[in-house]
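J.: Provided below are the primary sequence and the corresponding predicted coordinates.
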Amino acid sequence: MHSNTPRIPVREGIVDDVKAAIGEAFLGAKDEVGEISIDVTRESVADVLRTLRDRFEYQQLMEIAGVDYPARPERFEIVYHLLSVTRNHRIRIRVATDEEQPVPTVTTVFPVAGWLEREVFDLYGVLFDGNPDLRRILTDYGFRGHPLRKDFPLTGFVEVRYDNQQRRVVYEPVKLPQEYRSFDFLSPWEGTEYALPGDEKAKGSA
């Protein structure tokens with residue numbers, strides 16, 4: 001279904017055209033190395049994407065990506081990657097949110113966003129208001145936490161292994177035994193009295 005709204009051609013001044021088209025939803029933009037990113041208000045994201053689809057011919061939503069900036073008050077940035085197949089041009093739309101404020105779903109504009117929003121929810125914990133099936137999609141049942149957050153431990157909380165005796169997969173808390181590990185906290189830069197491990201003879205021959 002096509003809109004009767006006049007289409008706006010993609011050109012060098014597209015940022016100004018988008019700003020004029022979306023009005024107060026526009027927060028800022030970057031045009032670097034041929035890549036255009038436009039920041040918009042969280043509440044307006046579905047309307048902005050609909051405008052880009054209908055008036056600027058960005059027909060495809062290629063990806064929804066999450067970025068975590070823990071030091072920011074709104075730590076998460078949600079990035080929508082759009083492609084115009086008729087004009088061979090890409091653009092990114094970005095919104096900011098935190099752990100509590102949901103982002104409006106864009107499934108009413110691009111149905112493919114359903115799975116993409118689930119992925120961001122699973123890996124970052126960002127909520128999408130209006131998504132009809134917001135469940136985990138990549139991690140296992142009962143998984144705790146969101147693994148792409150910067151504060152998520154690299155080891156995770158649970159390890160999975162196959163138990164030959166029980167003949168099934170078992171889940172166990174992660175354990176990091178250190179009894180058989182040797183740590184050398186010295187370095188070659190700590191002075192002339194230090195010798196690299198295994199190279200003690202070099203000091204005696206000097």
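T.: Sure, I can see it. Given the structure is predicted, the values throughout are model-derived calculations rather than measurements.

J.: can you give me phi and psi for residue 157?
T.: Main-chain dihedrals, residue 157, degrees, to the nearest 10: phi -110, psi -30.

J.: how about it, what does it touch?
T.: Residues in contact with residue 157 (CB atoms under 8 Å, 6 or more residues apart in numbering) are 144-145, 173-174. Bear in mind the C-beta positions are built from the backbone N, C-alpha and C, glycine included.

J.: What separation is there between residue 154 and residue 175?
T.: 15 Å (CB to CB, to the nearest Å).

J.: Kindly report the same for residue 46.
T.: 46 Å.

J.: the more surrounded of these two?
T.: Higher neighbour count among residue 46 and residue 175: residue 46, with 18 against 7, using other CB atoms under 10 Å.

J.: Tell me which helix or strand that one sits in.
T.: Using DSSP states H and E, residue 46 maps to helix 45-55.

J.: And that helix, what does it pack against?
T.: helix 14-22, strand 76-84, strand 89-97, strand 103-104 (3 or more CB pairs under 8 Å, 6 or more residues apart in numbering; DSSP states H and E).

J.: got a markdown table for the ones you listed, with mean pLDDT too?
T.: Output for the helices and strands packed on helix 45-55, formatted as a markdown table (pLDDT from 0 to 100):
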| stretch | mean pLDDT |
| --- | --- |
| helix 14-22 | 94 |
| strand 76-84 | 97 |
| strand 89-97 | 97 |
| strand 103-104 | 98 |
